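Asker: Using only what follows, build the 3D model:
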Amino acid sequence: MKQGAFALELWSRLEEVFHDNKHTRAVYLEEKFNNTRLENFANMAAYCKEIKLLADQLSNVDNPVSDRKMVLQMISGLTKGEYDTVATLISQTDPTPSFSKAGSMFFLEETRKSKQDEHGHHALMAQQQSPATATSTPPTQQPP
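Answerer: The predicted structure follows:
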């Protein structure tokens, strides 16, 4: 900015800088969006939140992401084997479910697996306690 410049000149220069950065930012965000993986997040909610945040940021730099592309990215970033059934169901549904609907399906699966793991943990603990009682002293045999 130079001294004595008119407001219009300054505004035009700021706009140029913004637009120059917008393209660079779009490239960076697109790469980040395409490389988002579930394994880098604590849970499905955090993973979906990041995908949505990146899609919103891409829209802000005139590079909008369709709802369908968000769903496809969500599926492609999954760990192999972890959510295969739900991923197959979503990818074979025509039309593709909305991002929020697909996210909801994954959240339900995550909750189901969590409860299943919890139940398995309780069953394992019960099995571990059971042998301890079985090793107590056997009753003495009485002669006939």
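Asker: all contacts plus neighbour counts: C-alpha atoms, from now on.
Answerer: OK.
Asker: Distance of residue 36 relative to residue 42?
Answerer: Applying CA to CA, to the nearest Å, the value for residue 36 to residue 42 is 13 Å.
Asker: which one of these two has more residues nearby?
Answerer: Higher neighbour count among residue 36 and residue 42: residue 36, with 20 against 9, using other CA atoms under 10 Å.
Asker: For the more buried one, which residues are in contact?
Answerer: Counting by CA atoms under 8 Å, 6 or more residues apart in numbering, residue 36 touches 47, 51, 73, 77.
Asker: any idea how far it lies from residue 8?
Answerer: Counting by CA to CA, the gap from residue 36 to residue 8 is 41 Å.
Asker: what number of residues lie near residue 9?
Answerer: Neighbour count of residue 9, defined by other CA under 10 Å: 12.
Asker: Can we start the residue count at 715 from this point?
Answerer: I'll keep to 715 as the first residue from here, and by that count the last item is residue 723.
Asker: which stretch of helix or strand covers it?
Answerer: With elements taken from DSSP states H and E, the one containing residue 723 is helix 721-748.
Asker: tell me how far that helix is from the chain's mean position?
Answerer: Mean-position distance between helix 721-748 and its chain equals 28 Å (CA atoms, centre = their mean, to the nearest Å).
Asker: What helices and strands are in contact with the helix or strand just after it?
Answerer: Proceeding N to C from helix 721-748, the next assigned helix or strand is helix 758-774, under DSSP H and E. Helix 758-774 is packed against helix 721-748, helix 781-790, helix 813-848, with contacts defined by 3 or more CA pairs under 8 Å, 6 or more residues apart in numbering; DSSP states H and E.
Asker: quick one: low-confidence ranges for the protein?
Answerer: Along the chain, the model assigns pLDDT under 70 to residues 715-719, 731-734, 833-858.
Asker: Report the contact partners of the residue nearest to residue 781 when sequence neighbours are not counted.
Answerer: Using CA to CA, 6 or more residues apart in numbering and skipping residues adjacent in sequence, the residue nearest residue 781 is residue 813, 5.7 Å away. Listed by CA under 8 Å, 6+ apart, the contact set of residue 813 reads 781-782, 784-785.
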